[in-house]
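Q: Sequence isn't available, so here's the structure alone:
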């Protein structure tokens, strides 16, 4: 999954802070309390994660904006201070198409894009060209509903948080998140095949059909009871009632034959109704033309606003970049710029004028303009959707009028053709009533067969149980067939051992055996007769090292075998509880192995590191940028 971060913009109450993260490796370092961890958490926050509310964040944070590449899309993610609010997503595809919408963190049941994108996680998978698999919500219930694996679940293996490095092995100890963490490993290694996914979907559909039929039987019985037709005696009583009404209508028909009284012709009410329908149809046609014109206007305006926002964002990035350039000679004629100009910070080096707007204010203005444009796009989107719903309803109304008009035209034509005398019209009206009662009698007789239909539904629900049992057996056989996943699992175990040996992990030797259990997804290291894992590592330093080495191994195999894992790693304090003074060889070996992973990826993997001391790479085979703090993340803030 191609994921690459370019720039993080942090919006505070007084200014906007921009951090360039576009290098292959970005190393954020500095003393304690400068906001290093908060910076990398804000990257994860824009991707849908949670944010630790430090005093500085609670006091000054307004929002964050992340520029990132997802697959073939250039995306800007805007997220405000409200953690549960939707994330504003604006994108441009390599083909030139673009869009902008609010993506909720949790599905609201209504697609936000196409037919199968319901939230931010689905949208990220869509941009990356990955089809998310469905897994059972409850592993203890074989009939539990299927839910989509979330992008946030994959980020557990891409964002190694400082406070969990020495206490949790990728959420495996969490009572609710452990199953999702195991599902991630099944998804990455291929234990979920397309056929497995299809079988589980079909199994879920069969179980849903069975529940639907059983529920239908219950609701039909309840519905029939409301009309007192729950028993065979009730049906007989209703039949007698309809037969009596039919006898009265037949008697009325005989009375018409006897009296031959003149009555209002049956065609007159049809003509009156037709005139009303014609007028209403003209009004509806006018309304449709007006609505279509409004929709076209607003869609064109929405497209212009989205284009304006993307252009403004690019202009700000260019402004920020050129603001840092120090000119020593004129870019047009190459004449050296006088030293007096260089010393004057208030004037422009090129035009010698005082800038009318500071560069940092340009960023703030652009962000404010972006938010104004987002609000306008939202208003236009809501207005367009409202007009489209109104247009759909109006079109449906026109179709209903046309159908009714065609029906009345036919009835009028038939009435005029058969018109003879007022007696004939009256007689036909009574005949229509008789025909209606006869149809009601037939319907009631069919309704009397409802108990048999209910029995049929119950039989179908019982037959579906055989299909459910068969699909469960096929799914189990498919699990046994997935031998390719075993190769990936063994490769991760081998890579884990190799990484631990390279960094000099204490207590791991060349003749040790590393085994990754595909049921618990816990790696075990066997030394002679002893076997240990993360929880047995003892010290916090060894647990931290254990997690980092395992993450490197998983990403190394994922890159080599092109497994569906995001191509980004965020590691907050990889040397937590490990000091360069006491463990210099281990300290340097860990960073050497981490940088080696980036080199092997050939630019595909992006790494963002956070640590107190800078450890630069020795042989740089990738782009590297160190970002030192201070100044702190929020420069003007003074407080705890």
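A: Cool, got the structure. This structure is a prediction, so every number in the text was calculated from the model and none was measured. Residues are numbered from 1 along each chain as shown.
Q: Which other helices and strands does the helix or strand harbouring residue 469 contact?
A: Per DSSP states H and E, residue 469 falls inside helix 450-481. Applying 3 or more CB pairs under 8 Å, 6 or more residues apart in numbering; DSSP states H and E, one finds that helix 450-481 makes contact with helix 194-226. Where C-beta positions appear, they are placed from N, C-alpha and C, glycine not excepted.
Q: For residue 493, what is the enclosing helix or strand?
A: Per DSSP H and E: helix 483-503 holds residue 493.
Q: Which strands and helices lie in contact with that helix?
A: Checked by 3+ CB pairs under 8 Å, 6+ apart, helix 483-503 has helix 178-189, strand 513-516, strand 523-527, helix 540-561, helix 584-601 packed alongside it.
Q: among these, which is nearest residue 335?
A: Comparison of those against residue 335 by CB to CB identifies helix 584-601 as nearest, at 42.4 Å.
Q: for the record, mean pLDDT for stretch 584-602?
A: Stretch 584-602 shows a mean pLDDT of 93.
Q: got the buried residues for stretch 541-561?
A: 541-559, 561 (16 or more other CB atoms under 10 Å).
Q: how distant is that stretch from the center of its chain?
A: 27 Å (CA atoms, centre = their mean, to the nearest Å).
Q: Check stretch 428-439 too.
A: Taking mean C-alpha positions (CA atoms, centre = their mean), stretch 428-439 and its chain are 57 Å apart.
Q: now do stretch 180-195
A: 19 Å.
Q: Mind splitting the protein into its structural domains?
A: Domains of the chain are assigned by automatic domain parsing as 3-192+483-628, 206-261+439-479, 267-418.
Q: Identify, out of those domains, the most deeply packed stretch.
A: Comparing the domains of the chain by mean neighbour count (mean count of other CB atoms under 10 Å), domain 3-192+483-628 comes out on top with a mean of 18.
Q: Could you report the pLDDT at the residue lying closest to residue 189 once chain neighbours are set aside?
A: Among residues not flanking residue 189 along the chain, residue 488 sits closest, at 4.1 Å (CB to CB, 6 or more residues apart in numbering). pLDDT recorded at residue 488 is 90.
Q: out of everything not next to it in sequence, what's closest to residue 522?
A: residue 533 (5.4 Å).
Q: ok, the one you found to residue 107 distance?
A: 35 Å (CB to CB, to the nearest Å).
Q: follow-up on the earlier one: where's the residue nearest to residue 522 relative to residue 524, distance?
A: Residue 533 is 5 Å from residue 524, where distance means CB to CB.
Q: swap in residue 163?
A: Distance of residue 163 to residue 524, computed by CB to CB: 25 Å.
Q: tell me which helix or strand of the protein sits lowest on mean pLDDT?
A: helix 339-343 (a mean of 55; mean pLDDT, DSSP states H and E).
Q: C-terminal to that helix, what's the next element?
A: helix 359-418.
Q: Give me the helices and strands touching that following helix, please.
A: In terms of contacts (3+ CB pairs under 8 Å, 6+ apart), helix 359-418 is packed against strand 3-12, strand 16-20, strand 73-80, strand 98-103, helix 267-323, helix 422-447.
Q: got these as a markdown table, with distance to residue 371 and mean pLDDT columns?
A: Listed next are these as a markdown table, based on distance: least, CB to CB, whole Å; pLDDT from 0 to 100:
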| stretch | distance to residue 371 | mean pLDDT |
| --- | --- | --- |
| strand 3-12 | 9 | 96 |
| strand 16-20 | 12 | 95 |
| strand 73-80 | 8 | 96 |
| strand 98-103 | 12 | 95 |
| helix 267-323 | 10 | 84 |
| helix 422-447 | 60 | 69 |
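Q: Make a markdown table out of these and add distance to residue 394.
A: A markdown table is the format used below for the helices and strands packed on helix 359-418 (distance: least, CB to CB, whole Å):
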| stretch | distance to residue 394 |
| --- | --- |
| strand 3-12 | 43 |
| strand 16-20 | 46 |
| strand 73-80 | 35 |
| strand 98-103 | 26 |
| helix 267-323 | 5 |
| helix 422-447 | 32 |
